[in-house]
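In: kindly generate the corresponding structure for this input.
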Amino acid sequence: MTQPVSFLKGKHILAVDDEWDVIETIQEILDEADVDFAQDYESASEKIMETQYDLAILDIMGVNGIQLLEECVERSIPAIMLTANSMNPDSLMQSIKKGAVSYLSKEHLSELDSLIDELMGEQSKGKPAWKLLFEKLGNHFNQRFGKGWKNENKEFWNEFEKTWQVSRGIQERVLHDKNITSKGI
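Out: Numbering: from 1, shown residues only. Just a heads-up that it's a prediction; the model follows:
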């Protein structure tokens, strides 16, 4: 039986975090990929504007990760939000709306390579990566955020769970996808 091809193998990835130990861990875990790094917003933004990465992994706090997410979306760079201190329903919802392809807790950093392989594999097949994420980490979100955490934004979460996509986030990525815009669509 053939082994599935790793999404990470040979990919050029940008890892952004203000903590050096997190950057080192990401580089070690993603050893199949070529990983660039930045520890502040300015350096990360410059790299995003100068290089076409296959993926960006962005911390939310300390590096203005949401702004970097917007810049990644403009450049058609898929972005995964990685956080510890900003692990809350609002930052999750904001990441989805702004076009992130995933949102992970730093508690799951040791699983980063397998999670990225699975999530990006699903996305490359046209399947909703968010559905897989919630299947794998939904209980984690429930434990972290508390019982009934989706009730505050019930309409958003109901629509999200129906389609596992949020049109605004998808629209943002599509508006900047050169494969689509080059066709005049």
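In: tell me how confident the model is about the host helix or strand of residue 21, as a mean pLDDT.
Out: Remark: residue 21 resides in helix 20-29, with elements defined by DSSP states H and E. Taken as a whole, helix 20-29 has an average pLDDT of 95.
In: could you name the helices and strands sitting against the helix or strand that comes right after it?
Out: Of the helices and strands lying after helix 20-29 in sequence (DSSP H and E), the nearest is strand 34-38. Here strand 34-38 touches strand 12-16, helix 20-29, helix 41-50, going by 3 or more CB pairs under 8 Å, 6 or more residues apart in numbering; DSSP states H and E. All C-beta spots, glycine's among them, are computed from the backbone N, C-alpha and C.
In: strand 34-38 - what's its average pLDDT?
Out: Mean predicted lDDT for strand 34-38 stands at 96.
In: what segments of the protein are helices?
Out: For the chain, the helices defined by DSSP state H cover 20-29, 41-50, 65-74, 89-98, 112-124, 129-145, 154-163, 167-175, 178-181.
In: highest mean neighbour count out of the helices and strands packed on strand 34-38?
Out: strand 12-16 (a mean of 24; mean count of other CB atoms under 10 Å).
In: give me the angle between it and helix 41-50.
Out: Angle, strand 12-16 to helix 41-50, by axes from the mean of the first three to the mean of the last three CA atoms, to 10 degrees: 160 degrees.
In: pick out the residue nearest the middle of this structure.
Out: residue 80 (1.4 Å; CA atoms, centre = their mean).
In: quick one: it and residue 54 touch, right?
Out: No - using CB atoms under 8 Å, residue 80 makes no contact with residue 54, being 11.6 Å away.
In: so who does the closest residue to residue 86 other than its chain neighbours touch?
Out: Closest residue in space to residue 86, ignoring its immediate chain neighbours: residue 60 at 4.1 Å, by CB to CB, 6 or more residues apart in numbering. Counting by CB atoms under 8 Å, 6 or more residues apart in numbering, residue 60 makes contact with 66, 81-83, 85-86, 91, 95.
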